[in-house]
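> Sequence first, predicted model second:
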Amino acid sequence: MSRDGHRHCPEWTADTESIVRIPANAYSIRMTMLNALPALPNGKTIAIDFETANEERGSACSVGLAWIEDGRVVRVEERLIRPRSMRFSSFNIAIHGIRPEHVEDAPEFPEVMDEFADDFAGATMIAHNAAFDFSVWRSALDSYRQAYPQLSYLCSVKMAQRLWPHLTSHRLNVLADHLGLMFRHHNAAEDAAICAEASIAMARQAGVSHVAAIAGVIGMRPGRLYAGGYEACSCRRA
């Protein structure tokens with residue numbers, strides 16, 4: 001981890017100097033099952049996950065991103081974020097392990113997200129429980145009086161509920177177990193990577209060539225952010 005908050009995760013490998021207290025070697029994705037399947041055609045798709053410093057949605061302290069190309073996760077990144085208030089609750093620290101001293105030299109939200117503006121343009125974004133992650137994005141931008149970006153997004157929870165109804169739960173750790181994957185839950189980079197892997201598997205389950213096409217199969221209306229507001233992601237009644 002560098003002082004500017006960058007944590008690079010080449011080939012899904014977590015940084016061995018991870019700030020979270022779970023051992024770095026706990027992140028060991030077993031790819032045998034997924035790699036045995038044929039690749040999906042190329043498409044610009046990015047999974048995103050936020051961690052927050054406290055109960056306020058705008059208090060993002062970390063963002064994880066996972067890029068999907070040709071039906072595989074090809075890049076995973078994490079950026080630490082300095083929240084405006086720098087107030088960290090003990091409850092949130094216990095979840096993700098990020099403390100004020102970890103982000104004191106990190107950039108604030110607009111600078112972090114601006115780094116990826118070109119990546120977001122025209123991409124299909126995915127989040128696990130998108131209502132939470134995109135409310136974090138909106139609330140943080142609201143606190144800086146900045147306009148929302150133009151993008152659409154899908155919710156992998158809603159996708160899993162439709163495509164894997166037999167699972168006892170559709171929490172991210174349950175999906176990881178279903179796919180034979182291991183990860184450090186509530187590490188933003190690894191949460192984003194598992195969200196991406198699950199979405200790839202669901203696209204194959206749905207018989208479509210791109211994650212974005214899942215929406216049409218399950219009757220999902222993608223969510224949208226735009227300069228004047230937002231529309232939530234939703235599904236028709238089954």
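Here it is on my side, so go on. Just so you know, these numbers come straight off a predicted model, no measurement behind them.

> Does residue 181 touch residue 195 like I think?
No - counting by C-beta atoms under 8 Å, residue 181 stays clear of residue 195, with 11.0 Å between them. In this view, the C-beta of every residue, glycine as well, is placed from N, C-alpha and C.

> So if I had to pick from these two, which one is more boxed in?
The neighbour count for residue 181 versus residue 195, taken as other C-beta atoms under 10 Å, is higher for residue 195 (28 against 24).

> Read off the pLDDT value for the more buried one.
At residue 195, the predicted lDDT confidence score is 98.

> who touches it in this structure?
When contacts are counted by C-beta atoms under 8 Å, 6 or more residues apart in numbering, residue 195 is found next to 47, 48, 49, 66, 126, 127, 128, 156, 172.

> Worst mean pLDDT across the helices and strands of the chain, which element?
Lowest by mean pLDDT, DSSP states H and E among the helices and strands of the chain is helix 32-35, with a mean of 38.

> Turn the contacts of residue 195 into JSON lines, including distance to residue 72.
Shown next, in JSON lines, are these (distance: C-beta to C-beta, whole Å):
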{"residue": "47", "distance to residue 72": "13"}
{"residue": "48", "distance to residue 72": "18"}
{"residue": "49", "distance to residue 72": "18"}
{"residue": "66", "distance to residue 72": "10"}
{"residue": "126", "distance to residue 72": "15"}
{"residue": "127", "distance to residue 72": "19"}
{"residue": "128", "distance to residue 72": "19"}
{"residue": "156", "distance to residue 72": "17"}
{"residue": "172", "distance to residue 72": "19"}
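
> all helices for this structure, in order.
In order along the chain, the chain carries the following helices (DSSP state H): 32-35, 90-96, 100-103, 109-114, 117-120, 130-143, 156-163, 172-179, 188-206, 214-218.

> Buried ones in the longest one, by neighbour count?
Within helix 188-206, the residues scored as buried using 16 or more other C-beta atoms under 10 Å are 188-204, 206.

> need the contact list for the residue lying closest to residue 220 once chain neighbours are set aside.
Of all residues not flanking residue 220 in the chain, residue 235 sits nearest, at 4.9 Å (C-beta to C-beta, 6 or more residues apart in numbering). Contacts for residue 235 were tallied using C-beta under 8 Å, 6+ apart; they are 158, 161, 162, 218, 219, 220, 221.

> now the first one: how far from residue 221?
Distance, residue 158 to residue 221, by C-beta to C-beta, to the nearest Å: 10 Å.

> follow-up on the earlier one: of the contacts of residue 195, just say which sits nearest to residue 150.
residue 48 (15.4 Å; C-beta to C-beta).

> beta partners of that closest one?
With DSSP bridges as the criterion, the beta-bridge partners of residue 48 are residue 65.

> same check, this time on residue 127
When bridges are taken as DSSP bridges, the partners of residue 127 come out as residue 155.

> Return the distance of residue 129 relative to residue 228.
With C-beta to C-beta as the criterion, residue 129 and residue 228 are 24 Å apart.

> Looking at those two, which is more packed in?
Neighbour comparison, residue 129 and residue 228: the larger count goes to residue 129, with 17 against 7 (by other C-beta under 10 Å).

> Contact partners for the nearest residue to that one once chain neighbours are set aside?
In space, and not counting its chain neighbours, residue 129 is closest to residue 157: 5.0 Å by C-beta to C-beta, 6+ apart. Residues in contact with residue 157 (C-beta under 8 Å, 6+ apart) are 128, 129, 130, 170.

> same thing but 7 Å
Contacts of residue 157 were listed using C-beta atoms under 7 Å, 6 or more residues apart in numbering, and they are 128, 129, 170.

> Could you dump the residues you listed into JSON lines and include pLDDT and distance to residue 137?
Rendered in JSON lines, the data for the contacts of residue 157 read as follows (pLDDT from 0 to 100; distance: C-beta to C-beta, whole Å):
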{"residue": "128", "pLDDT": "98", "distance to residue 137": "14"}
{"residue": "129", "pLDDT": "97", "distance to residue 137": "13"}
{"residue": "170", "pLDDT": "98", "distance to residue 137": "22"}
